[in-house]
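Peer 1: Quick one, what's the 3D model for this:
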Amino acid sequence: MYLYYAIFNQADDGINVSFPDLDGAFTCGADMHEALYMAKDLLAGWLINAEDDNEVFPKPSAVSDIDLPEGDLIIPIEVNLKYYRERFENQLVKKTLTIPKYLNTLASEMDINFSATLTDALKEKLGV
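Peer 2: Numbering: from 1, shown residues only. You can find the predicted model right below:
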């Protein structure tokens, strides 16, 4: 897990996000929810690219050392690179499972794709 602080700045058209410790790391979102999502995605992508280029990650600043303009927010953003790498690679794995017979019958009659349905349900349950 890696944690870096991001600065969130309210703009006329949404929320701008920057990482003071990461060169060129800027993103934005229409609202706070989207800005947080984009910040995590940017942090993971930035770190993965640096790791792939054999670069040493910059040491995260202490929150007290970050200059925060008035009205801006500083928010810690944490990412698990293993999770993001697996997500970006999107490799499929085979799973064997057991379901009630009546569900199998109904789903088969409706030509429901079991893999797609399980994937969608897991994403919803896990919030990803």
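
Peer 1: Show the average pLDDT along stretch 78-89.
Peer 2: Average pLDDT, stretch 78-89: 86.

Peer 1: tell me which residues of that stretch are tucked away?
Peer 2: For stretch 78-89, the neighbour count (16 or more other C-beta atoms under 10 Å) marks 79, 84 as buried. Placement of C-beta: from N, CA and C, glycine included.

Peer 1: Could you give the separation of it from the chain centroid?
Peer 2: 8 Å (C-alpha atoms, centre = their mean, to the nearest Å).

Peer 1: Contacts for that stretch, please.
Peer 2: Residues outside stretch 78-89 that contact it (C-beta atoms under 8 Å, 6 or more residues apart in numbering): 1-3, 40, 43-45, 47-48, 51, 128.

Peer 1: Which ones among these lie within helices?
Peer 2: 40, 43-45, 47-48, 51 (DSSP state H).

Peer 1: Could you pick out the buried ones from the residues you listed?
Peer 2: Counted by 16+ other C-beta under 10 Å, those give 40, 43-44, 47 as buried.

Peer 1: So in the protein, which strand runs the longest?
Peer 2: Identified as the longest strand of the chain according to DSSP state E is strand 2-11.

Peer 1: Can you tell me which of the buried ones among the ones in helices among the contacts of stretch 78-89 is closest to Phe19?
Peer 2: Nearest to Phe19 among those, counting by C-beta to C-beta, is Leu43 at 6.6 Å.

Peer 1: how far away is that closest one from Tyr2?
Peer 2: With the distance defined as C-beta to C-beta, to the nearest Å, Leu43 ends up 7 Å from Tyr2.

Peer 1: go on, Ala25?
Peer 2: The gap separating Ala25 from Tyr2 is 13 Å, by C-beta to C-beta.

Peer 1: Likewise for Ser61?
Peer 2: 13 Å.

Peer 1: Next secondary structure after the helix or strand of the chain at the bottom of the mean pLDDT ranking?
Peer 2: Lowest by mean pLDDT, DSSP states H and E among the helices and strands of the chain is helix 81-89, with a mean of 83. Note on helix 81-89: by DSSP states H and E, the next helix or strand toward the C-terminus is helix 101-109.
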